[in-house]
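Q: Build the 3D model from these lines:
(one chain, ligands or ions: 1)
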Amino acid sequence: MRIKTRFVLYITAWTLTLATLLGWLAHKQWTDYAQSRRAVGDVERAQLALKVFEMVSRERGPANAIMGAASPAPAVQATALTDARAHSDAAIHALLTNLQALDDDDANRAAMINALLQLQDDLQTGRRKVNAVAALPAAQRPGETIDDAVSTMISVASLASPLVARISGAAERRGNTLNDLLVAARAAAELREQAGQLGSQFTRALIRQEPLTRQTVESIERIVGHIDIMRMLVNNRVARCCADDATITGAVAQMNQHYFGDGQALVNQVLVTWHADVVPQMTTGEFAARYVPTMNPILDVRDALLLQASKQAITAQAEARERLIWLALLTALMALLLIVPLCVFGYRLLNALTTSANIIKALAAGRLDTPVPVPVRSDEIGDVLSAIAVLRDNSRARQVLQVEREALIAELHEAATTDFLTGALNRRAFQTTAAITVTQTSRRHGVCSVALLDLDHFKRVNDTWGHDVGDAVIRAISQHCRLTLRSSDLFARYGGEEFIFLLADANAENTRDILERIRLAIAEATLATVDDQPIRLTVSVGFAVLDHQCDTLEKLVLAADRHLYEAKQQGRNLVVGLPTGLAS
Ligand SMILES: Nc1nc2c(ncn2[C@@H]2O[C@H](COP(=O)(O)OP(=O)(O)OP(=O)(O)O)[C@@H](O)[C@H]2O)c(=O)[nH]1
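A: Residues are numbered from 1 along each chain as shown. Got it, this is the predicted structure:
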C-alpha cells in the first residue's frame, strides 16, 4: 500500500476516533447542560406549585373568619377574603401559564395541567360553599354546612399537595442536595398546610360556640401526628443538606420558636379549655389573628430552602455551560494545533515525496528534460528538490559528455579504418574484412577475386605539378573506382598510389570486365587541371581469382601483385589476370 494511502487511512482513523471521543464527551456535557437548564425550570415550577399550595391553604384563614363573622361580614374580613382569593387565582394562573409553556412531549404536562384545573374547579366549589355559609345569619349557620365548607376548602389543599409532589419530583430527581432542599421545602409547605388544617378544626366549634365533636378531636390528633412527621422530615433534610447554611438554620430556629412555641401553645391552650368542657371565648377571626402569624416562619423555612435550591440549580447550569464551552474550546484547539497541522504537514511531506519519486523515476528513465519545481521554502523539502535539480543537471552534463564521447569513438573508429586522403578503407581495415570474406567464400565454394591497381608514372605528376596535384589525382582515381564498383565489393587504398579490390561473386571474366571498365574510365578522364591544362593518367591492374590453389587472401594478393608487375612490364595501362598457374 502506498504511503499516501496509509497516511490518509491513518489520519481518517485517528480523526474519527478523536471525533467519536469528543462527540461522546460533547453529548454527555450537552445532556448535563440540558438537564441542569431543565432543573432550573423544574425548581421554578416547584416554587410556583408551592405558591399555589400556600395560597389555597392561606385562603382558608379569611374563609373561616368570614364564616364566623356577622352577616354581612365586616369590610376588613371581606377584603381579606377577596385579597386571599385573588392571590390564589394569581398563583394558579402563574403555574398554569408555566405548565402550558412546557414542551409538548413532556409526558407529565397534560396530567399536571389537568390536576391544576381540577384543583381550580374544586376551589370554586369550596368558595361557593363558604359564600353560602357567610350569607346566612350568624345564628342560623348549620354545623354540617360549615364542616362541609371547611372540608371542601381543605380538600382543595389536599389536591394541591400531590400536584406539588408531581411537579417538584422532576427537580428532586436531579441530585442529592437539590433533592434534600426540595423535599425539605415540600415538607415545610405540607407542615404549613397541616398547621393551617389544625387551625381550621376549631372553625365550626368557635362559630357555633359548642364543644368539639369526637370526629374533630380525632382529626386534630391525626393532624398533630402529621405535623410531627413533617417537622422531623424538615429537620433531617436540613441537617443533611445545609446544616452550615445560616439562612436556612436561622429560619428553622424561627419556626421552632414561633410555630412550635407560640402557635402550638395557643392550640394547646384552646384544647385544654375545651377538654375542661368550657367553650373558648373567641371568634374564628380572633383565633386566626393570633394563630396564622405563627405559621409564617414555616413559609420562611420553605422559601429559604427554595431560594437555595434555585441558586444551586442556576450554579449547576452555569458550571455545565462552562464545561461545555471548555470542551468546545478544547476541541477547536485540538483541531487547530493537532489535526490541521498534521494534515497540512503530512500532505506537504507526501506531496514532496511523490513529486521527488516521480522526478527521480523520470530521470532514471533518461527523461532529463523533466522539470523540477523551484522550492518555495528553504526547508528539508526545499533541500531535496534542490538536490534533485543538481542531480538532473549533472545527468544532463554526463549525457552531453556521453554523446560527445560516442561521436569521438566513431570518429576514431573511422580514422582507424579509413584512408584520410580518399575516404576509402585503409589497408588494415581491408585485410581484416577481406580475409573473412575470402574464407567464407572459399568455404562455400563460391567465387571472388582480388585486384591491385597502380598509377602509371605517378612520380612524374608529383614532380611536375607538385604533391597537392598528386593528391587530387589520387582522390579522383579513388572516386572513379568507387563509382564503378558494386556496393558488395571491397575497395581500399593499399599503398601510396596503389588501390586494392575484393570483387564478390566475380569469376575471371567478370573481374576482367569490371577492371577494364575502370582502367578505360580513368584513362579517358581528366583527373585534375593545372592552368586549364587537363591531367590524364593511366593505371595498371593485376588480379587473381579464388580457386583451390589460391584460396587465401594472402595468396590472392600475392598473385594479383605478380600480375600487376606483369602489367607494368608489358607496358602499363593494362589489366592482367591470368590463371594462377599461368601467371607464375
Ligand atoms: N602526391 C602524392 N604522391 C605520392 C603519394 N604516395 C606515393 N606518392 C608518390 O608516388 C610515386 C611513386 O613512384 P614510383 O614508385 O617510382 O612509381 P611510378 O612513378 O608511378 O612509376 P611506375 O609505377 O613504375 O609506373 C612517388 O614519387 C611517391 O612519392 C601520395 O600520397 N601523394
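Q: Which residues of this protein lie near the ligand?
A: Proximity of the chain to the ligand, by CB under 6 Å from any ligand atom, involves residues 454-459, 462, 467, 470-471, 474, 496-497, 568, 572. For glycine as for every other residue, the C-beta is placed from the backbone atoms N, C-alpha and C.
Q: what's the lowest-pLDDT member of those residues?
A: Minimum pLDDT across those is recorded for Gly496, with 90.
Q: Over to that one. Which of the three states is it?
A: Under DSSP: H, G, I helix; E, B strand; the rest coil, Gly496 falls in the coil class.
Q: Counting neighbours, which of the residues of the chain next to the ligand comes out on top?
A: Across these, neighbour numbers were computed from other CB atoms under 10 Å; Ile474 holds the maximum, 24 neighbours.
Q: That residue in helix, strand or coil?
A: The three-state label for Ile474, taken from three-state DSSP, comes out as helix.
Q: contacting residues for it?
A: Contact analysis of Ile474 by CB atoms under 8 Å, 6 or more residues apart in numbering lists 421-422, 455, 493, 497.
Q: And for Gly470?
A: The neighbourhood of Gly470, defined by CB under 8 Å, 6+ apart, consists of 458, 461-462, 497.
Q: Let me see the domain layout of this protein.
A: Under automatic domain parsing, the residue ranges defining each domain of the chain are 3-332, 427-583.
Q: Distance from the strand or helix carrying Ile66 to the middle of the chain?
A: According to DSSP states H and E, Ile66 maps onto helix 3-68. Average the C-alpha atoms of helix 3-68, do the same for its chain, and the two points are 30 Å apart (CA atoms, centre = their mean, to the nearest Å).
Q: do stretch 215-235 as well
A: Its chain's average C-alpha position is 66 Å from that of stretch 215-235, according to CA atoms, centre = their mean.
Q: And stretch 302-310, by the same measure?
A: Chain-centre distance of stretch 302-310: 47 Å, with CA atoms, centre = their mean.
Q: what's that stretch in contact with?
A: Defining contact as CB under 8 Å, 6+ apart, one finds that stretch 302-310 is touched by 40, 43-44, 46-47, 50, 54, 171, 178, 181-182, 184-185, 188-189, 192, 238, 242, 245, 247-248, 250-251.
Q: secondary structure class for Ala544?
A: Here Ala544 is strand, with the state taken from three-state DSSP.
Q: before we move on, the earlier item: name the next helix or strand downstream of the helix holding Ile66, please.
A: helix 75-100.
Q: Check which element follows that next one along the chain.
A: Past helix 75-100, further along toward the C-terminus, the next helix or strand under DSSP H and E is helix 107-135.
Q: ok, back up a step: just the ones of the residues of the chain next to the ligand in strands?
A: If you go by DSSP state E, the residues of the chain next to the ligand have 454-455 in strands.
Q: Would you tell me which one of the residues of the chain next to the ligand comes nearest to Ser378?
A: Distance from Ser378 was checked for each of the residues of the chain next to the ligand by CB to CB. The minimum falls on Asp471, at 65.2 Å.
Q: centre of the chain versus stretch 513-528, how much separation?
A: A distance of 92 Å separates the C-alpha centroid of stretch 513-528 from that of its chain, computed with CA atoms, centre = their mean.
Q: Provide the contact partners of it at residue level.
A: The contact list for stretch 513-528, computed with CB under 8 Å, 6+ apart, reads 451, 453, 465, 469, 472-473, 476-477, 480-481, 484-485, 501, 503, 506, 534-539, 541, 543, 573-575, 577.
Q: again, 7 Å this time
A: Contacts made with stretch 513-528 from outside it, assessed by CB atoms under 7 Å, 6 or more residues apart in numbering, are listed as 451, 469, 472-473, 476-477, 480-481, 484, 503, 506, 534-539, 541, 543, 573, 575.
Q: same deal with stretch 341-354?
A: 3-4, 7, 11, 381, 384.
Q: before we move on, what about stretch 173-188?
A: Contacting residues not belonging to stretch 173-188 are listed as 35, 39, 46, 50, 164-165, 168, 171-172, 230, 233-234, 237-238, 240-241, 298, 301-302, 305-306, 308-309, 312-313 [CB under 7 Å, 6+ apart].
Q: again with stretch 211-231
A: Identification of contacts with stretch 211-231 by CB under 7 Å, 6+ apart yields 187, 190-191, 194-195, 197-198, 201, 205, 274, 277, 279.
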